[in-house]
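1. model this:
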Amino acid sequence: MTTASLPDNLTAEEYDAMRPYRDDEINAAMHRIAASPHFGLLSSYVFPDNDPAEVAELLKSLHTIDHFQKRIMSAVNEQIIKRSITRFTYSGLDTLDSDQRYLFVSNHRDIMLDSSLLQYALWLSGHETSEITFGANLMTDPTVVDIGKANKMFRVERGGSLRDFYRSSLKLSSYLRHTLTQRRQSIWIAQRNGRTKDGLDLTEPGLISMFACSRPDAERVSALTELNIVPVAISYEWETCDRLKARELALRADGTPYVKTPDEDLNSILQGIVEPKGRVHIAVGTPLTASELSSITANSRQDFARAVASLIDTQIYALYHLWPTNYAAVDLKENTDRRLRQGLYTEADRQALITRLDSLATVTDAPYSLTRPILLDIYARPASK
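-> Numbering: from 1, shown residues only. Modelled structure (predicted):
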């Protein structure tokens with residue numbers, strides 16, 4: 001890649017540090033994965049009926065991103081669905097133009113599955129898969145890096161000083177715009193930094209500001225329009241890592257300093273994969289239009305960003321698929337059976353939720369009096385809007 005073809009504000013070194021692998025880098029990555037200490041565990045999960053030596057040879061035969069996604073990542077998602085999801089469904093992809101590229105802005109409930117399951121739905125629907133944002137904090141283990149970058153994940157920096165934050169935002173904005181408009185690749189990004197832990201799916205206005213900051217402020221409408229922003233809602237019947245989320249919020253509420261352990265994110269990824277999730281639905285919305293964005297009256301850049309975030313949130317909440325667990329949780333919070341009488345869930349659904357809340361709340365080191373209400377909120381809030 002020549003300097004002339006790089007996105008604005010990115011040097012060749014910076015671009016190479018954050019981008020996914022190219023096809024010519026895939027085979028070497030496959031050899032590294034096959035030789036990694038994690039390979040045996042990965043092989044037994046994804047291909048339980050195959051000898052690991054056969055799987056290793058399969059990996060070593062792959063030479064493109066497309067081969068890796070079709071032969072490996074499709075099998076990964078199929079195993080996740082088979083082992084931990086009662087039913088996986090999706091909607092809205094048939095309304096998108098397969099020749100267009102989109103910036104999918106999704107609610108964020110699981111570190112890996114939100115984006116991975118969308119990729120699987122895109123693939124099943126005949127759309128090209130998207131690139132995926134991946135926090136630098138997760139790109140520590142070499143095998144995780146190889147798998148992620150082979151699966152179109154690109155590195156996003158987190159934290160740092162105010163100056164570092166501005167610089168990384170400008171780099172990311174330039175990369176997104178270049179990838180969508182020049183390289184013609186769709187992108188998945190979460191609506192906020194970090195997973196939703198309290199059941200409220202709200203887009204960070206700072207994300208919208210980042211999208212637009214690679215263009216002059218006077219061009220903010222056209223800067224967002226050309227990105228083809230599409231809201232996406234993923235809905236889990238049983239929230240992934242609900243106990244871990246409730247534990248963290250309870251400890252913070254109790255005044256206990258919460259310090260993330262070095263392996264916490266990886267543990268959350270693994271738990272999200274293996275824990276039962278019940279039914280899961282992905283609903284893809286419609287692109288924000290120039291007309292919608294132009295109609296926003298805003299006195300400042302911040303007001304405009306908040307208004308655009310609200311447009312995305314409106315679609316996400318309309319798209320969110322409410323499950324019996326959500327309706328039962330609202331009735332439990334309100335000490336009523338109104339939604340039960342409306343036929344939105346059954347008594348068996350209610351008892352299953354109570355059992356889960358009680359069992360999860362008692363296996364943490366956080367106070368039960370805090371953990372159980374937080375768990376209940378996680379399930380109730382999507383149905384409380």
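2. domain parsing for the protein?
-> Following automatic domain parsing, one gets these domains for the chain: 86-240+275-321, 326-383.
3. so which of the ones you listed comes closest to residue 265?
-> Distance to residue 265, taken as CB to CB, is lowest for domain 86-240+275-321 among the domains of the chain, at 5.6 Å. For glycine as for every other residue, the C-beta is placed from the backbone atoms N, C-alpha and C.
4. which residues does the residue positioned nearest the centre of the chain contact?
-> Central residue check for the chain by CA atoms, centre = their mean: the C-alpha nearest the mean position is that of residue 114, 3.9 Å away. When contacts are counted by CB atoms under 8 Å, 6 or more residues apart in numbering, residue 114 is found next to 106-108, 188, 190, 234.
5. Of these, which belong to strands?
-> 106, 188, 190, 234 (DSSP state E).
6. any idea how far the last one lies from residue 92?
-> Which is residue 234. 12 Å (CB to CB, to the nearest Å).
7. element containing residue 257, please.
-> According to DSSP states H and E, residue 257 maps onto no helix or strand at all.
8. Can you pull the phi/psi pair for it?
-> phi -60, psi 130 (degrees, to the nearest 10).
9. Please determine how far it is located from residue 339.
-> Plainly put, residue 257 is 39 Å away from residue 339 if you go by CB to CB.
10. Comparing those two, which shows the higher neighbour count?
-> Neighbour totals were compared for residue 257 and residue 339, and residue 339 leads with 20 against 6 (other CB atoms under 10 Å).
11. Just give me how far the helix or strand containing that one sits from the chain centre.
-> Under the assignment given by DSSP H and E, the secondary-structure element containing residue 339 is helix 338-341. Using CA atoms, centre = their mean, to the nearest Å, the distance from the centre of helix 338-341 to the centre of the chain it belongs to is 32 Å.
12. try stretch 373-385
-> In this view, stretch 373-385 has its centroid 20 Å away from the chain centroid, taken as CA atoms, centre = their mean.
13. now the strands for this structure?
-> 85-91, 103-106, 131-135, 153-156, 187-190, 229-236, 278-284.
14. In CSV: those strands, plus distance to residue 40.
-> Shown next, in CSV, are the strands of the chain (distance: least, CB to CB, whole Å):
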stretch, distance to residue 40
strand 85-91, 25
strand 103-106, 32
strand 131-135, 24
strand 153-156, 23
strand 187-190, 30
strand 229-236, 29
strand 278-284, 28
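15. which stretch among those comes nearest residue 371?
-> Of all those, strand 229-236 sits nearest to residue 371, with 19.0 Å by CB to CB.
16. angle of that closest one against strand 278-284?
-> Using axes from the mean of the first three to the mean of the last three CA atoms, to 10 degrees, the direction of strand 229-236 lies 170 degrees away from that of strand 278-284.
17. which residues are contacting strand 229-236?
-> Contact with strand 229-236 is made by 96, 102-107, 109-110, 113-114, 117-118, 188, 201, 211, 277-278, 280-288, 312, 315-317, 319-323, 382, as judged by CB under 8 Å, 6+ apart.
18. In space, what's closest to the residue nearest to the centre of the chain - neighbours in sequence excluded?
-> In space, residue 114 comes closest to residue 234 once its chain neighbours are excluded; the distance is 5.1 Å by CB to CB, 6 or more residues apart in numbering.
19. and what of residue 137?
-> Skipping the residues right next to it in sequence, residue 137 comes nearest to residue 158 by CB to CB, 6+ apart, at 5.8 Å.
20. Could you double-check that the one you found lies in contact with residue 165?
-> No. Between residue 158 and residue 165 there is no contact, the gap being 9.1 Å when judged by CB atoms under 8 Å.
21. residues touching residue 116, list them.
-> Per CB under 8 Å, 6+ apart, neighbours of residue 116: 73, 76-77, 80.
22. Give me the buried subset of these.
-> By the neighbour-count criterion of 16 or more other CB atoms under 10 Å, the contacts of residue 116 include these buried positions: 73, 76-77, 80.
23. So which residues of the stretch 101-250 of the chain form helices?
-> Secondary structure of the stretch 101-250 of the chain (DSSP state H, counting those that start in this stretch): helices located at 113-124, 142-150, 162-181, 205-212, 220-225, 242-253.
24. Out of the ones you listed, which is closest to residue 20?
-> Evaluated over the helices of the stretch 101-250 of the chain, closeness to residue 20 peaks at helix 142-150, with 4.9 Å, by CB to CB.
25. quick one: low-confidence ranges for this protein?
-> 1-4, 159, 385 (pLDDT under 70).
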